[in-house]
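> Could you work out the structure for the sequence below:
(2 chains)
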Amino acid sequence: MIGRMLFEQGRMELRLTLRRGEAVLLTLIVPVSLLLFFGATKLFDIELEFLVPGLLTLSVISSALVALAIATGFERKYMVLKRLGATPLPRWVLFAGKAVATLFLEILQLLIILGAAVLILDYRPSVSWWALTLAVVLGTCAFGGIAFLLSGTLRAEATLAVVNGLFVAFFGLGGVMFAIENLPRPLAAVADILPAAGLSEAFRWATGYSDSVGHGVWVLMFWAVVAPMLAVRLFSWEEK
Amino acid sequence: MPGSIHLDNLTKRYGALTAVDGLSLDVAIGETYALLGPNGAGKTTIVEILEGLRTADSGTVEVLGLNPISDRTRLQRRIGVMLQEGGVYQGAKAREVLALFTAYYPGARKADELLELVGLTEQATTLHRRLSGGEKQRLSLAMALVHSPELVFLDEPTAGMDPVARRATWEIIERLQADGSTILLTTHFMDEAERLADRVGIVNHGKLVAEGSPTELIHARGDVSFVSYPNLPVQELTEQIGIDVREVRTGFYVVTTDAPTPVLVAQVTAWLAGHDAMITELRVGAGGLEEVFLALTEENNR
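You can find the predicted model right below:
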């Protein structure tokens, strides 16, 4: 029974996300377009080996933070979460379904990015699959936690605005296309305590661009634990 | 006899506002009970406490012998819930929503069967946000009936429906009644309550101000009402007979009393004769639930 609920819940979540044009644009089209544009033009002299893991970070942010928070925020606004509270569906299965759908979308993103890079741009990484898996899981916990924290406390419209702002901010402060060390000092200090740069570090390590990970990964782990915990405490099922 | 719903001295506050104020209520198995009341009277709060969506501040809450909060999962398998609005994924198709819900319950009905039951077969692949208001309501009703629950909560089930859809919905509810389901519904429509409910509870300011079958409620009031020329100086009549007489609508007068007598009626008509005022209608007792409702909720609001 739980297995079937989880499967159906995950399938519904994924189907709804893929049906939302703006979610498809942001999660599937934007990252690969950036890859092809900067990979082909070599603009700003960004190395392909640096760019690809950065775009994996952007992909995780687009699905685990932006798409997830917006979907959850509007489900809360339209009282879907409340209605599901009046069914035998356990709350944890509701969230597990969202996690399953998000992971599935991320795998799709990963395959598209890596596939395009390898096939079109002649990218030859030395991938550590377990490290890649770990990075995706940590990133999903951290950004998914932030997504639930926002969508469970703010109005849906505010969540929409905040996560779109964060997407742009992390594009600059997440070590996606530029190393955060090259940022002006105050910005670098901010980037240092946010989870995105650590995720980029982890992806660069998992794809063999760097041999080791820095303290950014500890920052990421901190967010991966604290954000979901805060979300569990503060999430409310209905807008006030 | 074991009841379906038992509420004793239920209280719920939202900050300074007391939404439900020491309310007690029992619904028997197989009964249809309608909660009537003006907006903000506390109807939805009562229903949501019974559904386990809100917690009570104090009082006893038993639904099918279970506690809605601590026995949540067991209770949810046996009750069906129709929220007043919303509750459905905006981007999902009607059949998809029902198919998802069938995964929540052992022994659920088929999605197509439910679509047919509520007359949405043609809208099976329509996105929820593209359904009309009445179609959304019917989908919401189907979601409450996925598992053929023994107790169904319907919060304003026909709000926003056209007359044809309302009648069709009433017929679905009557089929549930024939199958022996217990139903608790809230409504603004007196005709709906009169047609569907075995018993009606009128709620105002979080309190139950009257309860009984529609017929009992209508006959319990003994108001004498008459229709005549507008703007008669009824203050004079009030002083003469010592009973409050008011023009509640233009040309429609009510003599507020619980115990009408032949003498009272004679006094009223004699006074009217003295003013050369012709009566086009004279009635003892309430004409319908609406009059009872307005009288009770107005008295409380004054």
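> where do the strands sit along chain B?
Secondary structure of chain B (DSSP state E): strands located at B:3-14, B:17-28, B:32-36, B:58-63, B:79-82, B:151-155, B:182-187, B:199-204, B:207-212, B:224-227, B:245-249, B:252-255, B:281-284.
> Within its sheet, name the partner strands of the fifth one and how each one runs.
Using DSSP bridges, the neighbouring strands of strand B:79-82 in the sheet come out as strand B:151-155 (parallel).
> Restricting to C-alpha, output the strand it pairs with in CSV.
Extracted C-alpha coordinates of strand B:151-155, given in CSV (Å, rounded to 0.1, in the frame of the first residue of the first chain):
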residue,chain,number,x,y,z
LEU,B,151,-19.4,9.0,6.8
VAL,B,152,-19.2,11.9,4.4
PHE,B,153,-18.5,15.5,5.1
LEU,B,154,-19.8,18.0,2.5
ASP,B,155,-18.9,21.6,3.1
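> relative orientation of it and strand B:3-14 in degrees?
Using axes from the mean of the first three to the mean of the last three CA atoms, to 10 degrees, the inter-axis angle of strand B:151-155 relative to strand B:3-14 is 40 degrees.
> before we move on, the earlier item: how about the strands of chain B, which one is nearest A:Pro88?
strand B:79-82 (10.1 Å; CB to CB). All C-beta spots, glycine's among them, are computed from the backbone N, C-alpha and C.
> Same question for that closest one: list its buried residues.
Across strand B:79-82, burial judged by 16 or more other CB atoms under 10 Å in any protein chain shown covers B:Ile79, B:Gly80, B:Val81, B:Met82.
> Tell me where chain A has helices.
A:2-19, A:21-24, A:30-41, A:48-60, A:68-77, A:80-84, A:91-121, A:129-151, A:156-173, A:185-193, A:195-206, A:216-234 (DSSP state H).
> Return the most buried member of those helices.
Among these, helix A:195-206 has the highest mean neighbour count (mean count of other CB atoms under 10 Å in any protein chain shown), at a mean of 28.
> Show me what it is packed against.
Judged by 3 or more CB pairs under 8 Å, 6 or more residues apart in numbering or on different chains; DSSP states H and E, the packing partners of helix A:195-206 are helix A:48-60, helix A:129-151, helix A:156-173, helix A:216-234.
> can we see that at 10 Å?
helix A:48-60, helix A:129-151, helix A:156-173, helix A:185-193, helix A:216-234 (3 or more CB pairs under 10 Å, 6 or more residues apart in numbering or on different chains; DSSP states H and E).
> Can you add mean pLDDT and give the helices of chain A back as JSON lines?
Putting these into JSON lines (pLDDT from 0 to 100) gives the following:
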{"stretch": "helix A:2-19", "mean pLDDT": "96"}
{"stretch": "helix A:21-24", "mean pLDDT": "95"}
{"stretch": "helix A:30-41", "mean pLDDT": "93"}
{"stretch": "helix A:48-60", "mean pLDDT": "96"}
{"stretch": "helix A:68-77", "mean pLDDT": "97"}
{"stretch": "helix A:80-84", "mean pLDDT": "96"}
{"stretch": "helix A:91-121", "mean pLDDT": "96"}
{"stretch": "helix A:129-151", "mean pLDDT": "97"}
{"stretch": "helix A:156-173", "mean pLDDT": "96"}
{"stretch": "helix A:185-193", "mean pLDDT": "92"}
{"stretch": "helix A:195-206", "mean pLDDT": "96"}
{"stretch": "helix A:216-234", "mean pLDDT": "96"}
